[in-house]
Structure formats: structure tokens, C-alpha cells
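K.L.:
Build me a model:
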Amino acid sequence: MSVAVVGGGVIGLSVANELVDRGTRVTLFSPQPIGQITSSVAAAFWAPYWVGDYDRQLAIQTLERLQQLASEGTEGITFVDFEEWMTSDFVESYEENIESTHWWRNLPGINLRIEPMPERRSVRLNGEEIDFPERLRFRSVVARMPDYLAWLERRATESGNMDLQRCWIDSLDELCTQFDQVIHCTGWGAKTLASNDPSTANMKLLAGHVVLLDCPGIENATLFHGKPFDANPIYVVPRQGSVRDVLCGGTAIEVQDLPDVRQPITFRKESVCDDVIQRAKSVIPSLTEGIEVGRGVGFRPVRDSVRIERDPIQQNLIHCYGHGGSGLTLSWGSASRVVSLMRAN
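P.N.:
Numbers count the residues shown, from 1 in each chain. The predicted model follows:
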């Protein structure tokens, strides 16, 4: 069987690896190198985030695989302790919605617990004093994506079963005439590549701006939740790989004008990045000791649900996109689901 995987982000590369592990010959089409794709600038920690409806089993399977990779010392994959600082309104919301938002709290290795702040914590943000009476603590897996994506690409290529093509595909239909199976994993690129498909109509792109710091003093990841952060999320995530750095985010700005998927992303706004790092430093003052080493922006492909299904018209085409901000979180489970769909054909 000849299989084409379209899209070289974390979903496409995970699918390619799942296939080559089964001895399948894969051609991966990706228009841009790793450093220029959305997955490369993702905060990339395991936890369902900015995603519509999805099968929880996808997340569970992925967690198990990532925990295994972290235990094996895979470059770019590490265990990190997290804190979620919660405002009073979020504490109430958390207790009401725990089964939907934090259903994963009892999964092996997570050890999620809620506890009072050890001392009164408050920050001043946009002229408002914000208190955090409680926090969630848990352990998860973080990927430093430039390293992890390079490992995924190298692993599949060195298997001898994957051919990497750096080019953009103009037509999925045309590709379907050349391969036995085509797996469509372009993420936000589906808005262009499958623009005539009604299933892409409800997908929107949320731009996330990030700033990278060299800041060795940050060991734990910190997330902030509550009404003051709904429109302007803040997350601070330390990463390890070829280098150590701290990723500070973020934003969720809806993109109205579709960028050219064949070109590097140029949507980044320096004033937005300035605001991101200022907000992060206001809530974690020790970040002021860090040295800025990079900035980036990526597009979360958010749908009302993750799409993993065989195309209703083109029967040798499988769609796998719309993972929102949870590409890493659902990656290996999605790849396994794709394989199941192929076998069922």
C-alpha cells in the first residue's frame, strides 16, 4: 500500500510514525521546514486546551505514549510540575465543570489536586488587583517542539519507510489518484486545501503569540485561570531539549484573513508580543531576570469537534485535523485512530 500524509506538524508526523512502525511506505508532504510551522511554536504540554468535542481515548493514548517517551529520555520530552492559579470565580466554575474540564485528573502519573495557596497571592494586571485563593497542582509532559518534531521526522525517515517531500499540495483529489490512501493532516491549512469541504466551514484560526526566554530559575509551569484571563490567557512553560528555555504566552486572536500556507507565518505583531511578555512578568516577577531569545506565532485550528473520519466522497481520503490547541495532547491517539480507519476499509 502506498500512503501519502499531507501536513508535517505534530499530527502529520505522529501519523507517519504510526504507519512506518507497521511497515507501511509513506510519503510525507510538508511545504515548510519544522521551524516555520505552527506546531513548532506551541507551548505543547499534555492537557486538553482550546479544543472542541473529542474522544477522550485519543488523549489517554497520547498521554501513555508521551509518558513512555519522557521516561526513555527522548529529546525534547520531559516531565514538568504544573500549577494552575485560580481566581474565586474560576474555583466555583472548576467545581461545577470538573467532569468536563478536568476529567483527566485521575489518570496515572497526573496526580492532580486542589489546595489553598500557601500564602496570599495577588497580582496587579491592567490596573486591577487579582487574588488567587486556590491552585491546582499536577504533573504532565512538556515537549520542546523544535526538538520533538525533529526527532519525529528523523525517526520516520531513518526507518527507511518514509520519503519527505517539501512541497505544497494543491489538490487532495489529485493526490488520491496517485496513492492508495491519503491522510489529510494540514491543521489550519485545511481552510485553504479543503475550502470547498463543508466540514471546514466551522473551523476558525486562533493566533497564539509567544515569547521565549532564557531563564534558568523557572522550574515549574504556571497557568492562570479566571475571568481576567479569558480574553488574555497567560501561561509560562519551561522546556528542555537541545537548549533550556521558557515559553511565555499567549493570545487567542481570531484570524480573519487566511495567510498563504506556502509561506512562513508573518501574522506576528510585535506590540502583541510586547504585551504578552509584560503580562507574564507582572504575574511572575522572576521572569524579569530572563533574556529574550525569540518570538513566534501559530494558528490553532479550532472546530466544534476534532475531525478524524473517512471522506464521504473520496473513499481513499482520511481527514485528521481540527485539534485546536491540543495537537500534542491528541497526537498519538489520533494517529492510532487513523490506522484503525485504514484497516477498516
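
K.L.:
Residue 255 contacts residue 208, correct?
P.N.:
No - assessed by Cβ atoms under 8 Å, residue 255 is found out of contact with residue 208, at 10.6 Å. No exception for glycine: its C-beta is placed from N, CA and C like everyone else's.

K.L.:
which one of the two has more residues nearby?
P.N.:
residue 208 (23 against 16; other Cβ atoms under 10 Å).

K.L.:
so where is the stretch 1-150 of the chain shaky, pLDDT-wise?
P.N.:
Counting by pLDDT under 70, the stretch 1-150 of the chain contains no low-confidence range.

K.L.:
Just the helices from it, written as ranges.
P.N.:
In order along the chain, the stretch 1-150 of the chain carries the following helices (DSSP state H, counting those that start in this stretch): 10-20, 56-71, 88-101, 145-158.

K.L.:
Go ahead and produce PDB holding the CA coordinates of the longest one.
P.N.:
If I follow you right, that is helix 56-71. Taking C-alpha atoms only, helix 56-71 is exported to PDB below (Å, rounded to 0.1, in the frame of the first residue of the first chain):
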ATOM      1  CA  ARG A  56     -11.100  11.200  25.400                       C
ATOM      2  CA  GLN A  57      -9.400   8.000  24.400                       C
ATOM      3  CA  LEU A  58      -7.300  10.000  22.000                       C
ATOM      4  CA  ALA A  59      -5.900  12.000  24.900                       C
ATOM      5  CA  ILE A  60      -5.400   8.900  27.100                       C
ATOM      6  CA  GLN A  61      -3.500   7.000  24.500                       C
ATOM      7  CA  THR A  62      -1.300  10.000  23.800                       C
ATOM      8  CA  LEU A  63      -0.500  10.600  27.500                       C
ATOM      9  CA  GLU A  64       0.600   7.000  27.800                       C
ATOM     10  CA  ARG A  65       2.900   7.300  24.800                       C
ATOM     11  CA  LEU A  66       4.400  10.700  25.900                       C
ATOM     12  CA  GLN A  67       5.000   9.400  29.400                       C
ATOM     13  CA  GLN A  68       6.900   6.500  27.900                       C
ATOM     14  CA  LEU A  69       8.900   8.800  25.700                       C
ATOM     15  CA  ALA A  70       9.800  11.000  28.600                       C
ATOM     16  CA  SER A  71      10.800   8.000  30.700                       C
END
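
K.L.:
Which neighbouring elements make contact with that helix?
P.N.:
In terms of contacts (3 or more Cβ pairs under 8 Å, 6 or more residues apart in numbering; DSSP states H and E), helix 56-71 is packed against strand 77-86, strand 134-143, helix 327-344.
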